[in-house]
Each structure stands twice: as C-alpha cells, then as structure tokens.
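**Q** what's the 3D shape of this:
(chains A and B)
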Amino acid sequence: NAGVTQTPKFQVLKTGQSMTLQCAQDMNHNSMYWYRQDPGMGLRLIYYSASEGTTDKGEVPNGYNVSRLNKREFSLRLESAAPSQTSVYFCASNVPSGGLHSSYEQYFGPGTRLTVT
Amino acid sequence: RKEVEQDPGPFNVPEGATVAFNCTYSNSASQSFFWYRQDCRKEPKLLMSVYSSGNEDGRFTAQLNRASQYISLLIRDSKLSDSATYLCVVITNTGGFKTIFGAGTRLFVKA
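**A** Numbering: from 1, shown residues only, chains lettered A, B, ... in the order given. Here you go, the predicted model:
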C-alpha cells in the first residue's frame, strides 16, 4: 500500500496563478483532510471531506476550493494564488468513528511545499 | 488563547537525558488525545495515544490530567533519533468531531 500520496512535492507560483494539489489514498478511508502548516502555527485545517460526496470548510478555507472526486481522491485548488498561501500543504485521511482511539489516527501524505512569489 | 498550546522549545538535551513536554488544551469537553512526531521536512506520524490512566511505550510515557487540562510526554534515555518535533493533538466532539493540532515542541538530542 502506498498510503497517502500527494503531487506535486514542490511548486513555485506567481501571484494570481492557479493550481490544483492532488491527493489520493489507498486505505479505503472515508474521511480526507487538507491542512496547511506554517512556522509557529501548527497544522490548520483548510477543508475536509467526511465521506465521498461531502466537503466542509475548516479553520482557514478562504482562497481555496476542494473536490472529493471519489473515495480515493481529494484535490485542493488555489484559484488565484497569493503570497500568504506560501506554506506546506498536507493531505490526510482516516476512518473516524466513536469509541476506538485507533480510528482517529490520521495518516498524512508527504506534503507539498508551495511558494507564491 | 489557542485551543491547544505547547512550549515551542527548542529543547536541547544530551543523549541519555530524560525530557518532558507539556501541552494544555482549553476545551474541557475534549475527549481524545494523542502525540504525533514530525521529522524535519516530513509528515506527522502518530507516536502514541494518551489515556487517563497513563500509558507507556518503551521509553515513552504519556499522561493525561483532565482536571488541569494538560497532557504530557516523557522521553527517557533520549537517543539521537528522537530529535524531531512533537505535536500534541486533541479531539473534541462539540457539534462534530474536530481534530486540533498544537504547534509542536522541537527536540534536539546531541551526542
């Protein structure tokens, strides 16, 4: 199993350009997440998808859109990139449910390092 | 006030030292707690869950104090390979499950 994969690993954009970050998981997980990580800020949730066909805003959704293409894939789109979106982006997945601690564990992809100039 | 707060460090310790990290959380309704480890320029990975009764995994011991709303991680006999950032993670269920990550505490173990 590859786990959670993300593409690209690195990207440099100019202000105003658009791009889509791709994420896929092969663990048959229901839920998928997009985070950004900035120095001193920890991981902040951008959007999540509790199950195929649903998406919801997280803590910092402005400037982003998502698509849950199918159970495996969850993409993040920047329509008009801004320097404030320079960050490391992580995709994660899990099977959340009540009762079992292990069900809450999130599995992360390797991240995408995005720089917007 | 942040929902989950950690001392950012860095903690610089020699090999063999014992080091402790604390984490505080603000929502008393929080129900599940974890420590994740993140190596430099890598993704976070689950280190261990934290239970009220405390739990141990080799050189690592995690404790939860619900009354004071803090979580701790103790690393004994530190190894060079323990150098990483340790993230405190809290899950709340108030109108839906929410996972909150602390900003992390950086540890450097030196020979």
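**Q** Going by C-alpha atoms from here, please, whenever you check contacts or count neighbours.
**A** Noted.
**Q** ok now do the closest residue to chain A within chain B, which residues does it touch?
**A** Here chain B gets closest to chain A at one residue, B:Ala103, 3.6 Å apart by Cα to the nearest Cα. By Cα atoms under 8 Å, 6 or more residues apart in numbering or on different chains, B:Ala103 lies in contact with A:Gly40, A:Met41, A:Gly42, A:Leu43, B:Glu5, B:Gln6, B:Pro8, B:Leu87, B:Cys88.
**Q** Which strand residues bridge the fifth one?
**A** Put plainly, it is B:Glu5. Here B:Glu5 sits in beta bridges with B:Thr24, going by DSSP bridges.
**Q** I'd assumed B:Gln69 was in contact with it.
**A** No - using Cα atoms under 8 Å, B:Glu5 is not in contact with B:Gln69; the gap is 10.8 Å.
**Q** Can you tell me the closest non-neighbouring residue to A:Tyr48?
**A** With sequence-adjacent residues excluded and distances taken as Cα to Cα, 6 or more residues apart in numbering or on different chains, A:Tyr48 is closest to A:Tyr33, at 4.3 Å.
**Q** contacting residues around stretch A:38-58?
**A** A:30-37, A:59-61, A:64, A:66-71, A:87-88, B:8, B:100-104.
**Q** For PyMOL, what selects the buried ones among the residues you listed?
**A** Here is the PyMOL command that selects only those of those that count as buried (16 or more other Cα atoms under 10 Å in any protein chain shown):
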select buried, (chain A and resi 30+31+32+33+34+35+36+37+61+64+66+67+68+71+87+88) or (chain B and resi 8+100+101+102+103+104)
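**Q** which ones among the contacts of stretch A:38-58 are found in strands?
**A** Per DSSP state E, strands hold the following members of these: A:31-37, A:64, A:66-68, A:87-88, B:100-101.
**Q** which of those lies closest to B:Val13?
**A** Nearest to B:Val13 among the ones in strands among the contacts of stretch A:38-58 is B:Phe101, at 24.3 Å by Cα to Cα.
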